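J.: show me how the following folds:
(chains A and B)
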Protein chains: 2
Amino acid sequence: MDQERAKAAFDIRELTYLLDGGKKVTELKERMMLELERDPLFKMHDIHDISKDELRERTMQKFSSLLHHLQNEPVDQFRKRMEVVSMLDPGFWTRFGVHYGLFIGALQSNATPGQLGYWFEKGALSLNGLVGCFAMTELGHGSNVPGLETTATFDEASDQFIIHTPTLTATKWWIGGAAHSATHSTVFAQLMVNGKCYGTKCFVVQLRDPKTYACMPGVNIGDIGKKMGRDGIDNGWIQFTNVRIPRGNMLMKHTKVSRSGAVKEPKLQQLTYGALLQGRVAMVVDSGNVSKKALAIAIRYAAVRRQFSSSDSTIETKLLDYPIHQRRLMPLLAQTFAMLFTGSEMTTMYNEMMQRLENAKPGDSDLDEVMETLKETHSTSAGLKAFCTWNCLETIEQCRQACGGHGYSAYTGLAGMYQDFAVQCTWEGDNTILTLQAGRYLISSYREAMKGKKLSPGVGYLNRLDQLIGKKCQVKELEDLLRPEIIIEGWQVVCANVVKNAAKEFEAHLARGKKPDDAYEECSQSRLYAAKLHTFGYLYHRFVDGVAKVSDDLKLVLDSVSLLYGLYTIEENAGAFLQYEYFSPKQIEFIREKTNALCKVVREQAIPLVDSFNLSDFMINSPLGRADGNVYEHYFDQVKRSNPQGEHPYFQRIIKPLIERKSEADDEEEDDEAAGLESEDEDEDEEEE
Amino acid sequence: MDQERAKAAFDIRELTYLLDGGKKVTELKERMMLELERDPLFKMHDIHDISKDELRERTMQKFSSLLHHLQNEPVDQFRKRMEVVSMLDPGFWTRFGVHYGLFIGALQSNATPGQLGYWFEKGALSLNGLVGCFAMTELGHGSNVPGLETTATFDEASDQFIIHTPTLTATKWWIGGAAHSATHSTVFAQLMVNGKCYGTKCFVVQLRDPKTYACMPGVNIGDIGKKMGRDGIDNGWIQFTNVRIPRGNMLMKHTKVSRSGAVKEPKLQQLTYGALLQGRVAMVVDSGNVSKKALAIAIRYAAVRRQFSSSDSTIETKLLDYPIHQRRLMPLLAQTFAMLFTGSEMTTMYNEMMQRLENAKPGDSDLDEVMETLKETHSTSAGLKAFCTWNCLETIEQCRQACGGHGYSAYTGLAGMYQDFAVQCTWEGDNTILTLQAGRYLISSYREAMKGKKLSPGVGYLNRLDQLIGKKCQVKELEDLLRPEIIIEGWQVVCANVVKNAAKEFEAHLARGKKPDDAYEECSQSRLYAAKLHTFGYLYHRFVDGVAKVSDDLKLVLDSVSLLYGLYTIEENAGAFLQYEYFSPKQIEFIREKTNALCKVVREQAIPLVDSFNLSDFMINSPLGRADGNVYEHYFDQVKRSNPQGEHPYFQRIIKPLIERKSEADDEEEDDEAAGLESEDEDEDEEEE
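T.: Down below sits the predicted model:
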């Protein structure tokens, strides 16, 4: 490992500062990692062996530790802490986030200032006597919020709403925190006033008595039980049977219901872009962060593990020195950097936009432009959320397989990481549905561009279709293919083509008389394809933009990494580049060779790059990913510590009777004799014996 | 669901017979499924909620049930039973297979007839007082058997071998059955006689006293503990410290050691192709079988689940009616059939070859040809094992994601299926290493073909390179692209090109002075790519061959399915078809459209096709995959049954103190007062309050 570290051709610490966003952030994160490591509530060594019930208890116990920090440090700092926690213990992060992200978030989005103050005063912020959850999805209804079945019927006589679950499929399902944690819930239900349905609105419903945690009358709650991962979260189901709540528990920032049952709907559809966008950008960052951890394990292990010897050596070869192993891991390492740079650039963009939007007043001259960029970023982020979470899940699995048999052990960490991360492909918008949304936006942008509208920068290439469609890559030397501007142009040409094709397909369906929604469905495979290529092109572009800004010392290594990412993604999508003839077969062949060569280049810096992630051994929590490279000792220690040697647990009860049983043939013979029967082929039997 | 079944355009039962290999086999499997369902030891409804320790006990208990059948039915029938069991309970299947497959298999491959008889008499066949395991892999050594470190040193004085673990990395690791089950093990160790090492040989070592299950002197065993899946298997680690065994415990079918320490090595390298090949073909079949189960769940759920409504309907649309959902699942369904047909054809080929080989005598005129075909099938099966297990793992994950949030519940079965199956990509040869072996064989075949050698049928296209390289697809009408012979030719052209390229790369490295092994390493990415395309082409070819044989009634539907598979795999590998210009961009575009269209066609028959898999609800063990389509009720029942409502488990202990705590601000103030300190900005504080 020292050998590998000696190869560093850049200042590792500087790269850490760059990735973290500055020296101060790095030091803050280091302090937090240490605090977590020394916090007995966060002990991690036994996490793979405790039961779901123990895990849930321990997860709840951690609340007190985080609450302390929440009340004693600035909110930005606390956010950073939660980011660190999310990498260490995603189950706890989610459970804590149900109250502080989802429940409080729903109040902030839907409550009037007065209502917000009321709930904060009741203890919502400080978790005093009030723990919240977020009841949106139902057993029969996931992403389709307008299709929810739960009803909230206004009863004028009592000035109350009656919350009711009319069918089995209306049962609130997957509700994090419902099974054990929550006293209150924000509930999404169809607002019914005087027999008329006004669509899905948000209500606060008390679920339990905070003094006893007994369910309130009419509230029936159960446990969803065992999941693929994140078992520290107590997901539950809830059925409401004519539960009455005061009228004021409807959150009335947007739609209002008066004492007399008059419903006042908002003039404009509320702007929900912001909140969704923030969640998605966070998941791009998270995909980068979790990939870091997975790659730290697989790459460090590959620098230590030796297998087979080359023809002229007696010592076995390091996995990392095998070209095929470099091919398995180096592109994924490059992709991780692409996600990290993109996440960081998107965060900046998001913050700037939200600031502009918050200060905006109706009639502001730049409001249209801001809204346009917001819409574009909103759609792009849908694609990014989908492909980055898919990328990360795939990275974890590839890292797991790259560790061979040891990747299947729970203690090496990658199995659990997969199980915990897998849900990210579904929640906050199913990935496939999000890609379709992104694709739909691309089609409509194309159609607007054709009408002469100037699009926002992220899809600006659609304003230059006549330059891009049919364009072939024109370079004098094959080496010129490695210039970022050529690769960016290539992506734009390919994306312009696939978006155009998807739009043409859409229009053909319209021309055949389909309604727009149905026409969109029919071209959904093309939408997905367009969204995929657009997203990969976007990631590369943001990565290159980010690298352009860094200091010379880091630029050299990051140029290799970003070029590897660019070439690798072209190779992966070679079909599209050849289909639209931007690259020739010969050029693609060159790109393939260069990808191999770059894997070797990046491999030389692999350990320093992984070191720059600056994750402590405690955070990585895998013996294979130990910084000291002493993997076998740590692994053996972990296995022995988790499985103490001792008495055989079931020899007497199960094995002894099995291996000392009389043979069944003997039994049968005895039975036969007892029954006075003679075997038909008795003679034969005897001969055989 | 009835609606969907009414669409059947073929006789479902006939297809079941075809897939199973005849009516009798179907009926046999039905009987076995019923027997398992009624066997209390095989209860499955609580399997997701019991602990690893409980699961292991229950797994061991099942031995008695299977032993009964093993001793009372013909071996072919018992094999079929084990195939059924493997789909229901892969953990048990493995644990049982450790003794009957690995341990007995090692005896059969390595023992002399006398030794085999000795161990059978001691109870190895009947499991009387003797349970075996198979100790090959070591902590620091997986696939590399010649690199194992454990030693077996002959001690002439005592006529014994001394089995010894010299280092930590030599610890036997992952040994199934070692932690709790086994009394004996076949141990692979370096044979040392008079200071000379003769390489890895196989020895039988007693691990435990069968009367007490205490470890024998010098034998140190521990539990490997928690894994990603298959927790019913008690994998263990073993360290030997100068353990003495009689000389006769070395299995001497091949190498022999005499009383005086004379070592007689076999003249010819033993032929191990057969055993390896059988295992790989079994894994192709298994990949098909597990995919069946996953798709039965996802497709039946998609036929019931409704989400969002189309523009002109109030009732929500079935997932299965969305073009994108058809795109997610139908190609995987087609691929499953491809694996099933290929597995069945390979099994026949294998049996024929082994029969020819068993009857062969040295000097037989056709021996060379048989050996050539065996070598080819051996290599092809390496690629098939790798890509089919990868396909299956991907299918499970895609099915899981296609079930949305419910796919994340343990009770819907897909999460556990993934966790259990994942190990198949590593064991019996790590997939990546196997693809490289397959690629190496392709390169050497190419080089032999260039020298004029006639290759065996599976790689016969390499004898026609001059016809294939540079060939473009010549069809009058685009519709002609849908003819199987065109697709087969396309695969051959593409494979001929990639194999040639890999071989050229290999030769270029040789020319630069690399040794062959190193040259192979350097072109490993090209080897992997060649093996991938060869394997997919092979799967399609076998699928088409298989379908050509079926009756007219089934042919129509299977033609659609096999065409979908062919077009889908071309689309997935469009880069290669465009790179070598077999298809033009326009033709690829047509193939893309037709793939969409075929997904719709196959979707119409999706439920009948899934029904033809003939898996009982008990076998599928997922409420989402219920044959009656009543998914929500079964799912809710399962969740309630597994998680009975009751007292809150930790309100008093954990939550109450948390939500009723005094605020820390109060505490601090009190502390300050007690310490006699004044807050610096006391005034401000008061103002804020």
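J.: in chain A, which spans are strands?
T.: Using DSSP state E, the strands found in chain A span residues A:132-135, A:151-155, A:160-164, A:172-175, A:184-193, A:196-206, A:219-223, A:236-240, A:243-246, A:256-257, A:263-264.
J.: what would the ones you listed look like in TSV with mean neighbour count and distance to A:F78?
T.: Every C-beta, even on glycine, is put in place using the N, C-alpha and C of the backbone. Formatted as TSV, the strands of chain A follow (neighbours: other Cβ atoms under 10 Å in any protein chain shown; distance: least, Cβ to Cβ, whole Å):
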stretch	mean neighbour count	distance to A:F78
strand A:132-135	28	18
strand A:151-155	20	34
strand A:160-164	22	33
strand A:172-175	26	25
strand A:184-193	24	22
strand A:196-206	18	24
strand A:219-223	19	30
strand A:236-240	25	27
strand A:243-246	17	32
strand A:256-257	17	34
strand A:263-264	13	37
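J.: and A:L393, which of those strands is closest to it?
T.: strand A:172-175 (19.2 Å; Cβ to Cβ).
J.: export the closest one as CSV, just CAs?
T.: Taking Å, rounded to 0.1, in the frame of the first residue of the first chain, the C-alpha atoms of strand A:172-175 are listed here in CSV:
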residue,chain,number,x,y,z
LYS,A,172,-51.3,4.0,3.6
TRP,A,173,-48.2,1.9,2.8
TRP,A,174,-44.5,2.1,3.3
ILE,A,175,-44.9,5.0,5.7
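J.: list the helices and strands it packs on?
T.: strand A:132-135, strand A:236-240 (3 or more Cβ pairs under 8 Å, 6 or more residues apart in numbering or on different chains; DSSP states H and E).
J.: quick check: mean pLDDT of the shortest one?
T.: Averaging the model's pLDDT scores along strand A:132-135 yields 97.
J.: contacts for that strand, please.
T.: With Cβ atoms under 8 Å, 6 or more residues apart in numbering or on different chains as the test, strand A:132-135 has contacts from A:98-99, A:102-107, A:124, A:172, A:175-178, A:181-188, A:205, A:207, A:238.
J.: just the last one next, same as before
T.: Outside of strand A:236-240, the residues within contact range by Cβ under 8 Å, 6+ apart are A:135, A:139, A:150, A:163-165, A:171-175, A:177-180, A:185, A:187, A:205, A:207, A:218-224, B:636, B:639.
J.: so where's chain A uncertain?
T.: For chain A, residues meeting the criterion pLDDT under 70 lie at A:268-274, A:309-314, A:662-689.
J.: and it, split by domain according to the record?
T.: A:108-257, A:274-612 (automatic domain parsing).
J.: show me how far the longest one is from its chain's centre.
T.: Relative to its chain's centre, domain A:274-612 lies at 15 Å (Cα atoms, centre = their mean, to the nearest Å).
J.: and the first one, by the same measure?
T.: Between the mean C-alpha point of domain A:108-257 and the mean C-alpha point of its chain there is a distance of 25 Å (Cα atoms, centre = their mean).
J.: and the helices in the stretch 51-200 of chain A, which stretches?
T.: Taking DSSP state H, counting those that start in this stretch as the test, the helices found in the stretch 51-200 of chain A are A:52-70, A:75-88, A:90-97, A:104-110, A:113-119.
J.: again but with the stretch 201-350 of chain A, I slipped
T.: Going by DSSP H, counting those that start in this stretch, the stretch 201-350 of chain A shows helices at A:273-304, A:323-358.
J.: ok, is the last one in contact with chain B or not?
T.: Yes - using Cβ under 8 Å from any Cβ of the partner chain, helix A:323-358 comes into contact with chain B via A:323-324, A:327-328.
J.: JSON lines for those, including neighbour count?
T.: Formatted as JSON lines, the residues of helix A:323-358 next to chain B follow (neighbours: other Cβ atoms under 10 Å in any protein chain shown):
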{"residue": "A:P323", "neighbour count": "18"}
{"residue": "A:I324", "neighbour count": "20"}
{"residue": "A:R327", "neighbour count": "20"}
{"residue": "A:R328", "neighbour count": "21"}
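J.: return the member of those residues nearest to chain B.
T.: Comparing these against chain B with Cβ to the nearest Cβ places A:I324 closest, at 4.0 Å.
J.: from what I see, the closest one and B:N431 are in contact.
T.: No - A:I324 is beyond contact range of B:N431, at 11.4 Å (criterion: Cβ atoms under 8 Å).
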